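**Q** Pasting the sequence and the predicted coordinates here, then a few questions.
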Amino acid sequence: MIQKSIASVYNQIAEDYIRECGNWDRLSLPSLKQFVKFLPAGSAVLDVGCGGGRDVEFLMKKGFSVLGIDVSKKMISLAKKHAPETKFRVADITKFPTRKKFDGIWCCRVFNHISLKDQNKFLRKLKSLLRPGGILYLTSVVSDQKFDYEKFDSGNGNLLKKRLTGQSFKKLITGQGFTILKFKPWQDKKGMEIFARKLVR
């Protein structure tokens, strides 16, 4: 699951991380524009691992009801300063209550921190928070091998960074009861992204 170390590391590196990535960095902009096309107007959206709040702000300005959550208190503090009109909460998604359902879940640059052992449990949690027909956006780091593996990133607080093949990534999503709407390379082909719809059953 999401280890405590993730929160502690991002608490330490939050300001540098946001400065390097940039609150106004628009790497995710094409993906955000695609995501909103799949959602009805006024949808309720959950941003899992919202970081500095840039994506939450974009979605809010598109008229969605958005909640941004992150395990890092420092990240949430910075997000509130950057986008004070939006809703943020310090929370671990694995312990997030499932009473409220969302039309869309945006989960960018988070799944790579989830171990191979726990990734299906993590996806089941996201699915439980989506309404039938809801949209999931998820990214992953691409494996440079022909298999999935885990590696600790010495340059980023020694956090786990999982690598998946494209075939594995797609199989994980469909195996959890989603249909893939779009799959494509992301971040100069170092990553990949999936837009998927929760099946109505």
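**A** Noted; the coordinates are in hand. Computed from a predicted structure; not experimentally measured.

**Q** how about the nearest residue to Lys161, chain neighbours excluded?
**A** Asp153 (4.4 Å; Cβ to Cβ, 6 or more residues apart in numbering). Just so you know, the C-beta spots here come from the backbone N, C-alpha and C atoms, and that holds for glycine as well.

**Q** Compute the distance between the one you found and Met192, please.
**A** Asp153 sits at a distance of 18 Å from Met192 (criterion: Cβ to Cβ, to the nearest Å).

**Q** same deal with Thr174?
**A** Taking Cβ to Cβ, one finds Thr174 at 15 Å from Met192.

**Q** Same drill for those two, tell me which one is more crowded.
**A** Between Thr174 and Met192, counted using other Cβ atoms under 10 Å, the more crowded position is Met192 (21 against 13).

**Q** give the contact list for the residue most central in space within the chain.
**A** In the chain, the residue lying closest to the centroid (Cα atoms, centre = their mean) is Cys107, at 1.4 Å. For Cys107, the contacting residues are Asp47, Val48, Gly49, Leu126, Leu136, Tyr137, Leu138, Thr139, by Cβ atoms under 8 Å, 6 or more residues apart in numbering.

**Q** For the last one, pull up the helix or strand it's in.
**A** Following DSSP states H and E, one finds Thr139 within strand 130-142.

**Q** all helices of this structure, in order?
**A** Along the chain, counting by DSSP state H, helices occupy 4-21, 29-37, 54-61, 73-82, 119-128, 166-175.

**Q** still on that earlier bit, give me the beta-bridge partners of the residue nearest to the centre of the chain?
**A** Beta bridges link Cys107 to Leu138 when assigned by DSSP bridges.

**Q** so what's it scoring on pLDDT?
**A** For Cys107, the pLDDT comes out at 97.

**Q** Next, work out how far apart it and Val200 are.
**A** Applying Cβ to Cβ, the value for Cys107 to Val200 is 21 Å.

**Q** before we move on, back to that, correct me if wrong: the residue nearest to Lys161 contacts Val141.
**A** No. Contact status for Asp153 versus Val141: not in contact, 9.6 Å apart, counting by Cβ atoms under 8 Å.

**Q** Need the overlap of contacts for those two.
**A** Shared contacts of Asp153 and Val141, defined by Cβ under 8 Å, 6+ apart, are found at Lys161.
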